[in-house]
Structure formats: structure tokens, C-alpha cells
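[1] Return atomic coordinates for the entry below.
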Amino acid sequence: MDVSGGLENLPVTVWPRHEEPPGFQYSPDHVAAAECGPDPSEISFSGCSCQSASCLASTCPCLPYAENYKNSCINYEGNELEYSKPVFECNIMCQCGESCQNRVVQKGLQFRLEVFKTAKKGWGLRSLDFIPKGKFVCEYAGEILDRREACRRVQLQSPSDSNYIIAIREHLHDGQIMETFVDPTYTGSVGRFLNHSCEPNLIMVPVRINSMVPKLALFADQDIRAEEELSYDYSGRHHNYFPDLQRDQEKLQEEEMKKKPCYCDAKTCTGFLPYDGSLFCEQDTTSCTKETL
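    As a prediction, this is how the structure comes out:
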């Protein structure tokens, strides 16, 4: 069985072979939600006019912050595991060729992935190949929502429901926060099967290609062995849930009850999955607390 239905470069297999994960509509790319949100398919970036086979940071407008990749690996600064530099890939309007080094995420899966049944966490995701540190692994693609719809969907969930909605908050240089909400519950990519870990082997990087709607790209944060489970930190990266001490005690107790146990078995496991209380907002969503993920 190929979970992707032939929509990826490589088939995404399932283990055990006789079982199937819960049904959903597979999409390798973000899609627009019917209710709201920006259209992720819109092309709003003008392309570069580079004539070389591969763009250079010194001349390409798509590379304002130095090269994004080296040998198709995310270009970590030094040995830092965090990655905060904005990433823009060359796009469909660019004059550079398909071999340009600034085209990585848009090329899709490069490793054989498998959806498999875990002992405690339901379905998970692993690679059947060795993945070197820095390599692109997969996208976390789904419906693009606005804040109001994200809050509405989260509030409709029961305690037993799995929450796939992710909120990405990028801090801009002028102090503003840019938010992106992605929900792969009903329509999404293979990234929806990734489980949380307090010591993850993937890092999520927003990558923009054709518009300001970012692709949520997951890169190997370390060398990953074949058949090792793939995971990322749902809270962003070593920023698991910390309550706002300004909230009243009753509100904090409410949030504690909504937290779910974590089964990642990492040495530094916090015991609970990260919790984003800002999505459990009132009808006036402008009053939601913004928490950095």
C-alpha cells in the first residue's frame, strides 16, 4: 500500500502490511481551507533573473541571508541546532535551472518513508533509509487556516481526539508576529504521522517558495538510522509548555487537565505533550494569548 497514492516521488509504505491507517485525503502540498485562510497556491513572488546553473547569495535576490543549503543540506550556522534565518527557495518564476542548489524542499521526498504502528503512540513515521544530518525529510502539509478557524476546530475536539493542528509563529524584526495555522486532519501529507519527542531527530523550518505561505519543512537534526522513528518537538524545539504565571490559578488547572501524556521515552521527557493554550480561546479570537512555538 502507498499512503500517498502515487502523489510523492517515492511510495510511502505501511507496516504491518495488513493494517491501514485512518482514512484522509492525501496532498503533498498545502491546500486552502473552504472556510477561511490564505490561498497557498497563489504565486506572489517575482523570480530571480540569474542565468547561472546555480544561484549565488552575492547576486540572487532569493538569497538575501546567504546560502540556504550546502550539498542539499540545510545550512546550519556553525553547530547550532536551531535555525531561525528566513528561507526563500527559487520559485517557478525564476530563470535559474532545476539544478539550482536553492531548490530542495520543492523537489519532494528523497528518502523511503514508512507509516508504522507504534506500541503506545498509535501510528508513527520512520525512514527505511539512512538520513544524513541536514537533509530534507518531508513536509507537514495540510489545510491553511486563519486563527479564528483554528480556534474553532480545536475547541470542537474531544479529549480523546488527536490534534493535528500546528501553529507556527515567526517573530519579525519589527516586533510583529506572523502566524501560520496548518491542519492535516482531513487533508494532508505524510508529515501528519510524525510523533512528538522531547529529544527529536527532526527540526521544522518554514520555507517560502512561491508566496508568503510557508511550507513547513522537516530536516534531519542529526544522522538518522534506517528504521529509526522520525519525530519533532511539537512546541518548536526544546520549548515545551511553560504556563503564563499571570493567568489565574483556575485557568492553569483547566489547562493542566487538557494536557496529554508523552510516551517518547526520552531521558529528558517532560511527561506531557506540549500544550498551546492560545488556541483554546473565547469567541473574540483577537484576545488570544500568543505563545512562541
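
[2] Run a quick neighbour tally on the closest residue to residue 118 other than its chain neighbours.
    Distances taken as Cβ to Cβ, 6 or more residues apart in numbering place residue 124 nearest to residue 118, at 4.4 Å, with adjacent residues excluded. Quick note: C-beta positions are derived from backbone N, CA and C, even for glycine. Neighbour count of residue 124, defined by other Cβ atoms under 10 Å: 18.

[3] so who does residue 124 touch?
    Neighbouring residues of residue 124 by Cβ atoms under 8 Å, 6 or more residues apart in numbering: 115, 116, 117, 118, 193, 194, 195, 229, 230, 231.

[4] For the fifth one, the count of nearby residues, please.
    When you say that, I think you mean residue 193. 25.

[5] Also the first one?
    A count of nearby residues for residue 115, using other Cβ under 10 Å, gives 21.

[6] Just the element for it, please.
    strand 113-117 (DSSP states H and E).

[7] and the residue nearest to residue 118, what are its bridge partners?
    residue 116 (DSSP bridges).

[8] separation between it and residue 213?
    Residue 124 is 27 Å from residue 213, where distance means Cβ to Cβ, to the nearest Å.

[9] likewise residue 56?
    Applying Cβ to Cβ, the value for residue 56 to residue 213 is 26 Å.

[10] Of those two, which one has the most company?
    Neighbour tally, residue 56 and residue 213, criterion other Cβ under 10 Å: the higher count belongs to residue 213, 20 against 12.

[11] OK, contacts around that one?
    Residues in contact with residue 213, defined by Cβ under 8 Å, 6+ apart, are 30, 38, 39, 40, 42, 144, 180.

[12] Check these and tell me the two furthest apart.
    Spatial extent of these (Cβ to Cβ) is set by the pair 42 and 180 at 14.2 Å.

[13] Look at the two and report which has more neighbours.
    Between residue 42 and residue 180, residue 180 has the larger neighbour count (other Cβ under 10 Å), namely 23 against 12.

[14] Please name the residues that touch the more buried one.
    Residue 180 neighbours (Cβ under 8 Å, 6+ apart): 144, 167, 168, 170, 206, 213, 214, 216.

[15] Could you single out the nearest of those to residue 223?
    Out of these, the member with the shortest distance to residue 223 (by Cβ to Cβ) is residue 216, at 22.2 Å.

[16] you'd agree the closest one is in a strand?
    Yes: the assignment for residue 216 (DSSP: H, G, I helix; E, B strand; the rest coil) places it in a strand.

[17] and the gap between the nearest residue to it once chain neighbours are set aside and residue 167?
    What sits nearest to residue 216 in space, not counting adjacent residues and going by Cβ to Cβ, 6+ apart, is residue 140, at 4.1 Å. Counting by Cβ to Cβ, the separation of residue 140 from residue 167 is 12 Å.

[18] can you tell me the helix or strand for residue 152?
    helix 147-156.

[19] again, but for residue 6
    For residue 6, there is no enclosing helix or strand under DSSP H and E.

[20] Same question for the one 4 residues further on.
    Taking DSSP H and E as the definition, one finds residue 10 inside no helix or strand.

[21] quick one: low-confidence parts of the stretch 151-293 of the chain?
    The stretch 151-293 of the chain contains residues with pLDDT under 70 at 237-258, 276-293.

[22] what about residue 106, which SS state?
    Taking three-state DSSP, the label given to residue 106 is helix.

[23] Just give me the longest strand of this protein.
    strand 177-188 (DSSP state E).

[24] Direction included, what does it pair against?
    Counting by DSSP bridges, strand 177-188 is paired with strand 25-26 (parallel), strand 142-145 (antiparallel), strand 166-171 (antiparallel).

[25] what are the bridge partners for the nearest residue to residue 221 once chain neighbours are set aside, then?
    Leaving aside its chain neighbours, residue 221 sits nearest to residue 203 (4.5 Å; criterion: Cβ to Cβ, 6+ apart). Beta-bridge pairing of residue 203 under DSSP bridges involves residue 219.

[26] Next one: residue 203 from residue 273, what distance?
    Using Cβ to Cβ, residue 203 is found at 18 Å from residue 273.
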